[in-house]
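Undergrad: Pasting a predicted model and its sequence here:
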Amino acid sequence: SSPPGKGRTSSKFRPRSDDFVKEKEMEVRVRIPTPLKKLAGEQDIVQAKGKTVGEVLQWLTETYPGLQERLRDERGEVRRFINIYVNDEDIRFIQNLETPLKEGDQISIIPAIAGGAFSKRRVTLTFPPNLIKEPVIYNIGHRFKVVTNIRGANVSENMGWVTLEIDGEEEEYSKALSYLKEIGVKVEPVERNVIE
């Protein structure tokens, strides 16, 4: 063992000031898609740190562990149905996860809907009179990790129907449909259920 005080001030233990300059992490905005918002503390936009897209993704999945399995596969690669953009440019056409970032950049995470764990389905909802004026469609988009898109509708004082496209993971889609049925909405799948 070394005598007390020896070796403790070795240069390898004292960071040089230029190390701090090189290691400065950029602060960037990350747009979280609606289906993943609940996993990021209900936030649409997260302020994240990192010098590259890969570092920001690492920070994001460490800060919000629920995002890990949604964004990365078993090998740690970005899932094939997740698209990532920096300031509206697809990172696959820049430097992928090595894409460098500068202060104030915006990253958008966009799940590709066809294929993968996300899918797009159409259902016809028939509303009883007591629910016609209620924000039912808004509520399912807000309560569950699904994105809704009205494809057709007809509403009168006594009845209303809506053809609704619902994007999201199977589990969230099922929860949304169960909720609709529980509150008294008639739910019928549209013939071609999965939209390519």
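TA: On my side now, so go ahead.

Undergrad: Now do the buried residues in stretch 66-75.
TA: 67, 70-72 (16 or more other C-beta atoms under 10 Å). The C-beta positions use only the backbone N, C-alpha and C, and glycine is treated the same way.

Undergrad: now stretch 35-49
TA: Buried residues in stretch 35-49, counted by 16+ other C-beta under 10 Å: 35-36, 39-40, 46, 48-49.

Undergrad: Contacts only, for the nearest residue in space to residue 90 that is not next to it in sequence.
TA: Closest residue to residue 90 apart from its sequence neighbours, by C-beta to C-beta, 6 or more residues apart in numbering: residue 83 at 6.4 Å. By C-beta atoms under 8 Å, 6 or more residues apart in numbering, residue 83 lies in contact with 90, 92, 109-112.

Undergrad: mind checking the SS state of residue 83?
TA: Three-state call for residue 83 (DSSP: H, G, I helix; E, B strand; the rest coil): strand.

Undergrad: about what we covered before: farthest pair within the contacts of residue 83?
TA: Spanning the widest gap among the contacts of residue 83 are 92 and 111, at 15.1 Å by C-beta to C-beta.

Undergrad: other SSEs contacting the one helix or strand residue 177 maps to?
TA: If you go by DSSP states H and E, residue 177 is part of helix 170-182. Judged by 3 or more C-beta pairs under 8 Å, 6 or more residues apart in numbering; DSSP states H and E, helix 170-182 is in contact with strand 118-127, helix 136-143, strand 146-155, strand 160-169, strand 186-194.
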